[in-house]
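K.L.:
Provided below are the primary sequence and the corresponding predicted coordinates.
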Amino acid sequence: MMRKKWKYFLISAALLAIIFVSIERYDNYIGQKFYQESTQGLLATYEQLDKTFMMFAQRNWNALEDWCNYLNYRAEEQDKKEQNAEDGWGNFVNERKNWQYSDFYVFNEDCEFWTIDGRRGTAEHVKDAFKALYEKKGPIVSSYVASDGETKIVFAVPSDPIELNNVTYTAFAVSYDNSVVEKLIGGGVYNNKSDCYIVDSDGTVLMSLEPETQITDDFDNIFDFIQDKTQSYNEDYLERMKKTVPTKGKGSVSFKYQKSEYYLVYQPVGVDDWSIVGIVEKSVVDSGMRMVQGTTIVLLCMMATCIVIGVVILMKQRAKAQLQKEADERIKAEKKKEFSDQLFWGISQIVDCFAICDLKNNRYEYEDKRGEYLYPKKGSYDQFINGISDQYTILTDGENAKFTNMLSAEHVRQLIKGQKDSYCLEYCARDKSRFFIMSVIPVEWEGDTLTKIMIVSQDMGQQHELENLANTDALTGLFNKRYFEKMMEIRDENKKPYALFYMDLDLFKPVNDTYGHEMGDKVLKEVAKRLLKCIRSNDYAFRIGGDEFMLILNGNLDAQICEKRIERIKKLIGEPYEFDGYTIKIGISCGSAVYPDDADCAADIQKLADKRMYEDKKINHAQR
């Protein structure tokens, strides 16, 4: 009787667990719906903010063009005399209170400026802000930090040369304090419980359009902020954002920051490759919906309790009939177990680790003579191969190189057609600490259909460790030239698309000459670490000698993607290196070639990448 009570208790507990798991899934589902609807609403809100920003930018550009035309007219009428030119600025001076601008001024490529307040001189800190103007040859909006430390937002337009006081000016600009732009554009969206930023394609924050009331950390890059400062963010959504922002797309990410949860939305601004990013606390957006959700869950829990009570009563009524059925199944199972135990004992005398898998009934039995049980001794075959797939990876470049594919019942039956057939797989732990070989052997058939197989594993760790040592560069830990040549041979055989990047460090020889080879080795090790950050897990990085490196990136990559990847590599490698109190700066020359777009064999791809690298090196040397 006590056993029956425990049985009813366990069944009730299981039902409650199922119900509560269902409620949790419901909660997750509703959470996704809230996320979708809330982020759509936020995108609509920040789309209006985006339009306001563009209208504000257009107003300033139009005003600057009017000023440009007016000053040119005045200069022509008054023979370009300084005092008369200044007289023409009066209307713009009078508008300062209404417009709330910081400065109206003219300037040139030498950073010489003349403001409507009569201030003149040069301002090197504005140089980078106006570089885009002369490159684009059209209106721009940018930001810079003034000499007093205040962040400024500047709108500028190019103009025909105008000479004032014997100085030729080629552009007109108006600047605002960042705080003024925040007030004019942001307007207190969501009652000042939100943050808004303008970022470029790399996620670098160019300016803010609202007070930072929620996010207290100072940061320069929105991607780095999410990765380093927040928790519970969806990595797939963040990766999608990194890919979408440069292509002027829009989307959303949610994250947790300092015990509060936030929505982040982004969409293109319409200026260059900029995007507007809005961050709002979730409770501000969907607190009402969350209350309804909580009430619904409480009611569901009450209903679940009533259902469990009813099910327990029903189970008691069926218990007697079930007892006989279980007794019959127990006898059958004991006989089957006896046979399996005999089979297991015989096999265990030969191998250390094996499993008998029933493909027909989706079951398996597993034995490990070493006592290192990595999986339950019995269970579902599908769960078994999923467990293997979670811990190990197959050592092959094939499209189906996954345990869930290679050990599926359909695939096994395709490879094993007769009693004498079998096949082997080489695989390793995901951290590559151990290597194994797996043999799949047929055991039982029903007619022509394979119903049972045996899976046997053998440890190959030492053999693969020696092979890895032979393929690895001792200094940097990257793959070496030997392995590079082997991989290029494989690329010729597979005929699958890839991109090859050939790189050579700039200014590296002076490092060895000045600081010694020990310092040079430290720089090479750090370069290797930075290169690994530029590739994915299925790509390869090589040091082929001295300060020369290679990258193989798998998949379809066009010339534009390669250029962006080269820019990223140059930016990362070009950042200063800090060793033993010294700051070292080097550069890198890089050339790329794409198979099969640029050439149809590995040798030609390598020659073309090498040629483009040397062309890049000539350009780099000419610029120094």
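P.N.:
Yep, that arrived.
K.L.:
Please report the distance of Tyr134 from Thr122.
P.N.:
As for Tyr134, its distance to Thr122 is 16 Å (criterion: CB to CB, to the nearest Å). Any C-beta I mention is one placed from the backbone N, CA and C, and that applies to glycine too.
K.L.:
Asn72 too?
P.N.:
Taken as CB to CB, the span from Asn72 to Thr122 is 23 Å.
K.L.:
Look at the two and report which has more neighbours.
P.N.:
Per other CB atoms under 10 Å, whichever of Asn72 and Thr122 has more neighbours is Asn72, with 16 against 12.
K.L.:
Assign the closest residue to the more buried one other than its chain neighbours to helix, strand or coil.
P.N.:
Once flanking residues are discounted, Asn72 sits nearest to Ile162: 5.7 Å by CB to CB, 6 or more residues apart in numbering. Recorded secondary structure, Ile162: strand (DSSP: H, G, I helix; E, B strand; the rest coil).
K.L.:
One more: Leu43?
P.N.:
With three-state DSSP as the criterion, Leu43 reads helix.
K.L.:
What's the local residue count around it?
P.N.:
A total of 19 residues lie near Leu43 under the criterion other CB under 10 Å.
K.L.:
Is it in contact with Val265, as I believe?
P.N.:
Yes - if you go by CB atoms under 8 Å, Leu43 and Val265 touch, sitting 5.0 Å apart.
K.L.:
Now for these two: what residues contact both?
P.N.:
Residues touching both Leu43 and Val265 (CB atoms under 8 Å, 6 or more residues apart in numbering) are Lys250, Ser252.
K.L.:
What are the phi and psi values at Thr451?
P.N.:
Main-chain torsions, Thr451, degrees, to the nearest 10: phi -110, psi -30.
K.L.:
check contacts around it.
P.N.:
By CB under 8 Å, 6+ apart, the residues touching Thr451 are Asp358, Leu359, Lys360, Glu444, Trp445.
K.L.:
Now do the closest residue to it other than its chain neighbours, the pLDDT please.
P.N.:
Spatial nearest neighbour of Thr451, chain neighbours left out: Lys360 (4.4 Å); criterion: CB to CB, 6+ apart. At Lys360, the model reports a pLDDT of 91.
K.L.:
Would you double-check that Lys360 falls in a strand?
P.N.:
No - Lys360 is assigned coil when assessed by three-state DSSP, not a strand.
K.L.:
Please list all residues in contact with it.
P.N.:
Glu446, Thr449, Thr451, Lys452.
K.L.:
what's the answer for Val456, then?
P.N.:
Going by CB under 8 Å, 6+ apart, Val456 touches Val351, Cys353, Phe354, Met438, Ser439, Ile441.
K.L.:
Drop anything exposed from those residues.
P.N.:
Cys353, Phe354, Met438, Ile441 (16 or more other CB atoms under 10 Å).
K.L.:
Out of the residues you listed, which is nearest to Cys590?
P.N.:
Distance to Cys590, by CB to CB, is smallest for Met438 among these, at 40.6 Å.
K.L.:
Just to check, the closest one is in contact with Met454?
P.N.:
No - counting by CB under 8 Å, Met438 sits too far from Met454 to count as a contact (10.8 Å).
K.L.:
What is the burial count for Phe542?
P.N.:
Phe542 sits with 25 neighbouring residues when counted by other CB under 10 Å.
K.L.:
okay, stretch 410-429 in PDB with CA atoms only?
P.N.:
Coordinates of each C-alpha in stretch 410-429 appear next as PDB, following Å, rounded to 0.1, in the frame of the first residue of the first chain:
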ATOM      1  CA  GLU A 410      18.500   6.300 -42.200                       C
ATOM      2  CA  HIS A 411      22.200   7.100 -42.800                       C
ATOM      3  CA  VAL A 412      23.400   3.900 -41.100                       C
ATOM      4  CA  ARG A 413      21.200   1.800 -43.300                       C
ATOM      5  CA  GLN A 414      22.500   3.600 -46.400                       C
ATOM      6  CA  LEU A 415      26.100   2.800 -45.500                       C
ATOM      7  CA  ILE A 416      25.600  -0.800 -44.200                       C
ATOM      8  CA  LYS A 417      23.800  -2.900 -46.800                       C
ATOM      9  CA  GLY A 418      25.100  -6.400 -45.700                       C
ATOM     10  CA  GLN A 419      26.400  -8.300 -42.700                       C
ATOM     11  CA  LYS A 420      30.000  -7.800 -43.700                       C
ATOM     12  CA  ASP A 421      29.700  -4.000 -44.100                       C
ATOM     13  CA  SER A 422      30.800  -1.500 -41.400                       C
ATOM     14  CA  TYR A 423      32.300   2.000 -41.300                       C
ATOM     15  CA  CYS A 424      34.500   4.100 -39.000                       C
ATOM     16  CA  LEU A 425      34.500   7.800 -37.900                       C
ATOM     17  CA  GLU A 426      37.400   9.800 -36.400                       C
ATOM     18  CA  TYR A 427      36.200  12.300 -33.800                       C
ATOM     19  CA  CYS A 428      37.500  14.400 -30.900                       C
ATOM     20  CA  ALA A 429      36.400  16.300 -27.800                       C
END
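K.L.:
Which residues belonging to that stretch are considered buried?
P.N.:
Val412, Arg413, Ile416, Leu425, Tyr427, Cys428.
K.L.:
any residues touching it, and which ones?
P.N.:
So stretch 410-429 is contacted by 359, 391-396, 400, 403, 405-406, 434-442, 445, 449-450, 453, 460, 464 (CB under 8 Å, 6+ apart).
K.L.:
Could you give the average pLDDT over it?
P.N.:
Computed over stretch 410-429, the mean pLDDT rounds to 84.
K.L.:
What's the separation between Asp273 and Tyr381?
P.N.:
Taking CB to CB, one finds Asp273 at 51 Å from Tyr381.
K.L.:
out of these two, which sits in the more crowded spot?
P.N.:
Between Asp273 and Tyr381, counted using other CB under 10 Å, the more crowded position is Tyr381 (20 against 14).
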